[in-house]
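whatever this is, show me its structure:
(one chain, ligands or ions: 1)
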Amino acid sequence: MTSTALSLKAKLEDKSAVIGVVGLGYVGLPLAVEFARKGFAAIGIDLDTRKIDSIRSGTNYIQDIKETDFKEALEKGFTADANYDRICSCDVIYICVPTPFTANKEPDISFITSSAASIAAHLRNGQLIILKSTTFPNTTEGHVMPILEKAGLKLGEEYFLAFSPERIDPGNVKWHTGNTPIVVGGVTDACTELAYLTNKQIISQVHKVSSPKVAEMEKLLENIFRSVNIALVNELAVLCDRMGGINIWEVVEAAATKPFGFMPFYPGPGIGGHCILIDPYYLAWQAREFDFQTNFITLAAETNENMPFYVRDMILREVAKLPVAFSGAKILMLGVAFKKNVDDIRHSPAIKVIELLQKEGAKEIQYCDPYVPHFKEHGTGSTVIEMSATPLTESLLKSSDIVVITTDHTVFDYEQIAAHAKVVIDTRNATKAVRDLHPHLAPKIRLLGSGTR
Ligand SMILES: NC(=O)c1ccc[n+]([C@@H]2O[C@H](COP(=O)([O-])OP(=O)(O)OC[C@H]3O[C@@H](n4cnc5c(N)ncnc54)[C@H](O)[C@@H]3O)[C@@H](O)[C@H]2O)c1
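I've put the predicted structure just below:
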């Protein structure tokens with residue numbers, strides 16, 4: 001290691017290193033809070049001034065961060081800025097910016113490259129940059145490194161660069177930033193060692209790999225693994241609906257009794273969030289550069305993306321049985337967050353279903369979601385879907401023609417829902433206990449993947 005590397009190592013070991021976090025969203029804010037709580041001076045940077053104002057006024061906007069942890073971080077000196085002026089004082093800089101796809105599902109790494117350019121403008125001797133945003137292999141070396149190189153410093157000797165993907169699972173009460181093992185791969189050995197040591201300050205288990213590319217691909221494997229397995233059960237759910245008499249949820253529950261070689265995945269109205277829906281397309285796009293079609297991965301992504309259309313069709317079928325025109329049917333959607341017990345609506349399948357129903361002419365859609373009081377989302381093309389939540393009441397359930405459970409939030413009272421709704425479409429098996437305990441309510445529940453009509 002060079003004297004510069006050794007000096008950074010010493011600063012990390014005695015906790016005098018200043019940690020910068022660029023992008024204070026679902027990934028960045030918990031990370032900055034964790035470092036501050038562990039006694040490091042932590043500086044957050046985000047271009048969204050509302051987030052900076054919120055932090056400065058002591059208001060936590062990430063549901064997963066405990067209020068006490070957030071306050072502790074502020075008390076220990078965590079500060080945030082909407083510009084890069086203080087990046088120079090940081091010894092380590094994490095990049096946690098979004099990696100969305102374009103309307104045509106091509107990777108958009110412009111947030112990474114623009115934040116790298118802002119860092120490069122201030123880059124100094126002794127800094128370590130760790131990219132955490134999920135992206136395609138070779139982003140760190142092929143896109144970030146050339147930008148940082150413009151600062152004129154020698155990589156691996158004067159400054160350091162690594163990729164260490166994020167594994168946070170919002171809403172997961174067991175696994176969080178501090179106790180989830182993490183992977184790290186640096187451009188040089190010194191980069192890997194320093195990034196390893198940095199992560200070790202807040203995470204007990206850090207796994208080193210030989211390069212950023214391996215770490216980038218590893219992260220995509222994790223998310224594509226989920227996408228493929230969810231697609232598999234979604235396909236089986238559609239088949240079970242077609243066959244009738246077989247409940248896919250019971251099938252998965254039974255298969256899950258096998259103690260080896262099987263992991264349960266569950267069907268649903270589609271996948272959402274900022275990761276599993278997007279990441280397969282990052283790899284598929286890159287594979288084409290190598291004359292390679294990721295057919296299997298792309299088919300899984302397509303299968304999952306078809307599910308909101310499938311749920312729309314379930315709703316259309318049910319409404320067709322009623323003495324109401326589709327435009328006037330009162331459709332109540334329960335949950336618009338992309339998964340249970342979170343407030344994240346990015347790429348939510350529930351909102352996709354709403355968009356599809358509106359395209360079919362539905363005019364009387366309402367939704368209940370205690371986590372999402374209001375939303376405004378862009379749909380296909382120039383479509384904008386904007387709605388406010390309605391409180392879930394007995395009279396609302398009774399007056400709705402059809403109730404669709406799109407997100408299985410724990411706070412919903414499924415017994416009340418099943419008791420008062422006329423017809424329930426359950427896309428998450430949220431009514432299992434109700435059906436078991438109150439079999440007389442089962443006939444009005446149409447469970448996705450069970451063939452109930
Ligand atoms: N959310 C998750 O559960 C999760 C899990 C694992 C990995 N990831 C990955 O982590 C990355 C970040 O995801 P997220 O959910 O935290 O996104 P987010 O949208 O919640 O947060 C990103 C933040 O970056 C800020 N930002 C954008 N450009 C910036 C710039 N140039 N300079 C400074 N700030 C900038 C945005 O204002 C935003 O606050 C993505 O690549 C995502 O795929 C997310």
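
state which one residue of the stretch 301-450 of the chain is found closest to the ligand.
Among all residues of the stretch 301-450 of the chain, residue 344 sits closest to the ligand, at 7.0 Å; criterion: Cβ to the nearest ligand atom. The C-beta positions use only the backbone N, C-alpha and C, and glycine is treated the same way.

which ones are touching that residue?
Listed by Cβ atoms under 8 Å, 6 or more residues apart in numbering, the contact set of residue 344 reads 26, 170, 272, 273, 274, 337, 338.

how about residue 139?
Taking Cβ under 8 Å, 6+ apart, we find residue 139 in contact with 109, 112, 131, 163, 212, 216.

farthest pair in those?
Farthest-apart pair in these is 109 and 212; separation 13.8 Å (Cβ to Cβ).

so which of the two has more stuff around it?
residue 212 (31 against 19; other Cβ atoms under 10 Å).

now do the contacts for that one.
With Cβ under 8 Å, 6+ apart, residue 212 has these contacts: 131, 138, 139, 140, 141, 161, 162, 163, 185, 186, 187.

in helices only, show me the residues you listed.
residue 139 (DSSP state H).

dump the contacts of residue 212 into JSON lines; add pLDDT as well.
Listed next are those as JSON lines, based on pLDDT from 0 to 100:
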{"residue": "131", "pLDDT": "98"}
{"residue": "138", "pLDDT": "97"}
{"residue": "139", "pLDDT": "98"}
{"residue": "140", "pLDDT": "98"}
{"residue": "141", "pLDDT": "98"}
{"residue": "161", "pLDDT": "98"}
{"residue": "162", "pLDDT": "98"}
{"residue": "163", "pLDDT": "98"}
{"residue": "185", "pLDDT": "98"}
{"residue": "186", "pLDDT": "98"}
{"residue": "187", "pLDDT": "98"}
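
which one of the contacts of residue 212 is nearest the ligand?
residue 131 (9.1 Å).

which residues touch the closest one?
94, 95, 112, 139, 140, 144, 161, 162, 163, 164, 212.

what's the neighbour count on the residue in the stretch 1-150 of the chain positioned nearest to the ligand?
With Cβ to the nearest ligand atom as the measure, residue 25 is the residue of the stretch 1-150 of the chain nearest to the ligand, at 1.8 Å. By other Cβ under 10 Å, 17 other residues sit near residue 25.

let me see the contact set for it.
So residue 25 contacts 46, 51, 62, 96, 98 (Cβ under 8 Å, 6+ apart).

whether stretch 204-223 contacts the ligand - can you check?
No - applying Cβ under 6 Å from any ligand atom, one finds stretch 204-223 separated from the ligand by no less than 7.5 Å.

and that stretch, what's buried?
By 16 or more other Cβ atoms under 10 Å, the buried positions in stretch 204-223 come out as 206, 208-209, 211-213, 215-220, 222-223.

now for those: which two are most distant?
Using Cβ to Cβ, the two most remote members of the buried residues of stretch 204-223 are 208 and 223, lying 20.8 Å apart.

pull the number of nearby residues for the residue nearest to residue 369 when sequence neighbours are not counted.
For residue 369, ignoring the flanking residues on the chain, the nearest one in space by Cβ to Cβ, 6 or more residues apart in numbering is residue 336 at 4.8 Å. Counted with other Cβ under 10 Å, the neighbours of residue 336 add up to 26.

just residue 256 next, same as before
Neighbourhood size, residue 256 [other Cβ under 10 Å]: 12.

next, residue 268: phi, psi?
Backbone torsions of residue 268, given as degrees, to the nearest 10, read phi 180, psi -170.

show me what from this protein comes close to the ligand.
22-28, 45-48, 51, 96-99, 111, 114-115, 132-134, 166, 168, 170, 274-275.

helix, strand or coil: sort out whatever residue of the stretch 151-300 of the chain ends up closest to the ligand for me.
Closest contact between the stretch 151-300 of the chain and the ligand, by Cβ to the nearest ligand atom, is at residue 166 (3.7 Å). Following DSSP: H, G, I helix; E, B strand; the rest coil, the label given to residue 166 is coil.

any idea how far residue 323 is from the residue of the stretch 301-450 of the chain closest to the ligand?
38 Å (Cβ to Cβ, to the nearest Å).

now swap in residue 161 and tell me
Taken as Cβ to Cβ, the span from residue 161 to residue 323 is 65 Å.

about what we covered before: in helices, which of the buried residues of stretch 204-223 fall?
Under the assignment DSSP H, the buried residues of stretch 204-223 contribute 212, 213, 215, 216, 217, 218, 219, 220, 222, 223 to helices.

so who does residue 213 touch?
137, 138, 140, 141, 185.

one more time with 7 Å, if that's ok
137, 138, 141 (Cβ atoms under 7 Å, 6 or more residues apart in numbering).

ditto for residue 120
Residue 120 sits next to 147, 148, 150, 151 when contact means Cβ under 7 Å, 6+ apart.

the second one: neighbour count?
For residue 148, the number of neighbouring residues by other Cβ under 10 Å comes to 20.

same check, this time on the third one
Around residue 150 there are 12 other residues, counting by other Cβ under 10 Å.

please report phi then psi for the nearest residue to it once chain neighbours are set aside.
Leaving aside its sequence neighbours, residue 150 sits nearest to residue 120 (Cβ to Cβ, 6+ apart; 5.4 Å). Note on residue 120: its backbone torsions stand at phi -60, psi -30 [degrees, to the nearest 10].

so which strand or helix has the residue of the chain most remote from its centre?
Largest separation from the mean C-alpha position in the chain: residue 323, at 40.0 Å (Cα atoms, centre = their mean). Using DSSP states H and E, residue 323 sits in no helix or strand.

with only the CA atoms kept, save stretch 156-168 in PDB.
Taking Å, rounded to 0.1, in the frame of the first residue of the first chain, the C-alpha atoms of stretch 156-168 are listed here in PDB:
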ATOM      1  CA  GLY A 156      -4.800   2.800  -6.600                       C
ATOM      2  CA  GLU A 157      -2.000   5.000  -5.300                       C
ATOM      3  CA  GLU A 158      -3.500   8.500  -4.800                       C
ATOM      4  CA  TYR A 159      -7.200   7.800  -5.000                       C
ATOM      5  CA  PHE A 160      -9.200   4.600  -4.800                       C
ATOM      6  CA  LEU A 161     -12.300   3.200  -6.400                       C
ATOM      7  CA  ALA A 162     -14.500   0.200  -5.700                       C
ATOM      8  CA  PHE A 163     -18.000  -1.200  -6.300                       C
ATOM      9  CA  SER A 164     -20.000  -2.500  -3.300                       C
ATOM     10  CA  PRO A 165     -23.700  -3.200  -4.100                       C
ATOM     11  CA  GLU A 166     -26.500  -2.400  -1.700                       C
ATOM     12  CA  ARG A 167     -28.700  -5.200  -0.300                       C
ATOM     13  CA  ILE A 168     -31.100  -3.200   1.800                       C
END
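
nothing else from me, thank you.
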